[in-house]
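Colleague: 3D model of this:
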Amino acid sequence: MRDALRSAFVPDPRHVSPDYWPKRRLELLSQLACAVQDCVLAQAVLRALGVGDAAASPARVAQDLQALNAAVSVAGLALAAVVRPSACAAHARPVALFSALLSKFAAVAVIAVATAVPRARIAGLGAATPLLAGRLLNVTADVLGLPARTALWNYVIVTNDPARRAAVLQRTANQVAAARLVCVGLQAALVGTGVASPGALEAVIMVLLVAAVDLAIQTALVRRARPPPSDLARARARARA
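Modeller: Below you'll find the model as predicted:
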């Protein structure tokens, strides 16, 4: 059993750098913090869209959610087509920090709007309209942050063999999937105990606190990264090309 678990979750130490496990521990802590944040945000957003309101139309709530998701997806694709990943990678550390800050600002913006403007009705997307800005900020953070984080942490897999790299990536993905199950249990516990359904002011405070904790974790991740100078030099050369 122990060997099976190691085979599923633990990469061969010869194929990863000593920074691999400190990085993974910080990422798992961030995943747990985001689970708490998302649980509170989801309930606040659903209430803002009209869930729980006897006068609200379920079809309208579903329509608002679909329109919001479609608008965010289109905006994300458009932004990804404009942003140059090489430029983000060339300035990986400041871009990764900015991305983390932007994503936390987005979470605070969404909870503030969801609690301050409950069941707003604005033409077009209805209650989803005031929430759109926060979601767009989050998408922007993702588009900017992915190439920056990749550039910062590419060195933790030290092997160039495709099969061995794939094995490391698969075991890392297994860790993320297992942590996701823990997050689901945590969210169920929060919902079941009512902790994730506070009043408006308490929800804002809770999201602010969790966002601050996650921002500290993300900052620690960026500061801990020690990519070889040659990697960043190549990224800057590609950005100038």
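Colleague: Which of the helices or strands spans I217?
Modeller: Assigned by DSSP states H and E, I217 falls within helix 200-224.
Colleague: ok, how many other residues are close to R2?
Modeller: Other residues lying near R2 total 6 when counted by other Cβ atoms under 10 Å. C-betas here are computed from N, CA, C, even on glycine.
Colleague: for A107, same thing?
Modeller: 25.
Colleague: ok, the residue lying closest to it once chain neighbours are set aside - how many residues close by?
Modeller: Of all residues not flanking A107 in the chain, A211 sits nearest, at 5.3 Å (Cβ to Cβ, 6 or more residues apart in numbering). Around A211 there are 22 other residues, counting by other Cβ under 10 Å.
Colleague: residue contacts, A211?
Modeller: Under the criterion of Cβ atoms under 8 Å, 6 or more residues apart in numbering, the neighbours of A211 are 37, 104, 107-108.
Colleague: Which helix or strand lies directly C-terminal to the helix or strand harbouring L144?
Modeller: In the assignment (DSSP H and E), L144 maps to helix 129-153. Next in sequence after helix 129-153, counting helices and strands by DSSP H and E, comes helix 162-193.
Colleague: In terms of secondary structure, what does that next one contact?
Modeller: Contacts defined by 3 or more Cβ pairs under 8 Å, 6 or more residues apart in numbering; DSSP states H and E place helix 162-193 against helix 2-9, helix 20-49.
Colleague: Now do the buried residues in the longest one.
Modeller: Of all the residues in helix 20-49, those buried under the rule 16 or more other Cβ atoms under 10 Å are 20, 23-24, 26-41, 43-45, 47-49.
Colleague: now the angle between helix 162-193 and that helix, please.
Modeller: Here the directions of helix 20-49 and helix 162-193 differ by 40 degrees (axes from the mean of the first three to the mean of the last three Cα atoms, to 10 degrees).
Colleague: The first one too?
Modeller: Relative orientation of helix 2-9 and helix 162-193, computed by the same axes, to 10 degrees: 100 degrees.
Colleague: The contacts of A211: which two are farthest apart?
Modeller: Within the contacts of A211, Q37 and V108 form the most distant pair, 9.8 Å apart (Cβ to Cβ).
Colleague: Overlap in contacts, those two.
Modeller: The contact sets of Q37 and V108 overlap at 207, 211 (Cβ under 8 Å, 6+ apart).
Colleague: So P18: helix, strand or coil?
Modeller: coil (DSSP: H, G, I helix; E, B strand; the rest coil).
Colleague: quick one, phi psi at it?
Modeller: Backbone torsions for P18, taken as degrees, to the nearest 10, come to phi -60, psi -20.
Colleague: can I assume G76 is in contact with L137?
Modeller: No - the pair G76 / L137 is not scored as a contact, 11.4 Å apart, by Cβ atoms under 8 Å.
Colleague: anything in contact with each of these two?
Modeller: Listed contacts common to G76 and L137 are nil; contacts here mean Cβ under 8 Å, 6+ apart.
Colleague: Please save the CA atoms from stretch 33-50 in PDB.
Modeller: What follows is stretch 33-50 as a C-alpha-only set of coordinates in PDB (Å, rounded to 0.1, in the frame of the first residue of the first chain):
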ATOM      1  CA  ALA A  33      -7.100  28.800   1.400                       C
ATOM      2  CA  CYS A  34      -8.800  29.200  -2.000                       C
ATOM      3  CA  ALA A  35     -11.300  26.500  -1.200                       C
ATOM      4  CA  VAL A  36     -12.500  28.500   1.800                       C
ATOM      5  CA  GLN A  37     -12.500  31.700  -0.200                       C
ATOM      6  CA  ASP A  38     -14.400  30.200  -3.100                       C
ATOM      7  CA  CYS A  39     -17.000  28.600  -0.800                       C
ATOM      8  CA  VAL A  40     -17.900  32.000   0.800                       C
ATOM      9  CA  LEU A  41     -17.800  33.700  -2.600                       C
ATOM     10  CA  ALA A  42     -20.000  31.100  -4.300                       C
ATOM     11  CA  GLN A  43     -22.800  31.500  -1.700                       C
ATOM     12  CA  ALA A  44     -22.600  35.300  -1.800                       C
ATOM     13  CA  VAL A  45     -22.700  35.400  -5.600                       C
ATOM     14  CA  LEU A  46     -25.700  33.000  -5.700                       C
ATOM     15  CA  ARG A  47     -27.600  35.100  -3.200                       C
ATOM     16  CA  ALA A  48     -26.800  38.200  -5.300                       C
ATOM     17  CA  LEU A  49     -28.200  36.500  -8.300                       C
ATOM     18  CA  GLY A  50     -31.400  35.700  -6.500                       C
END
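Colleague: Thanks a lot, catch you later.
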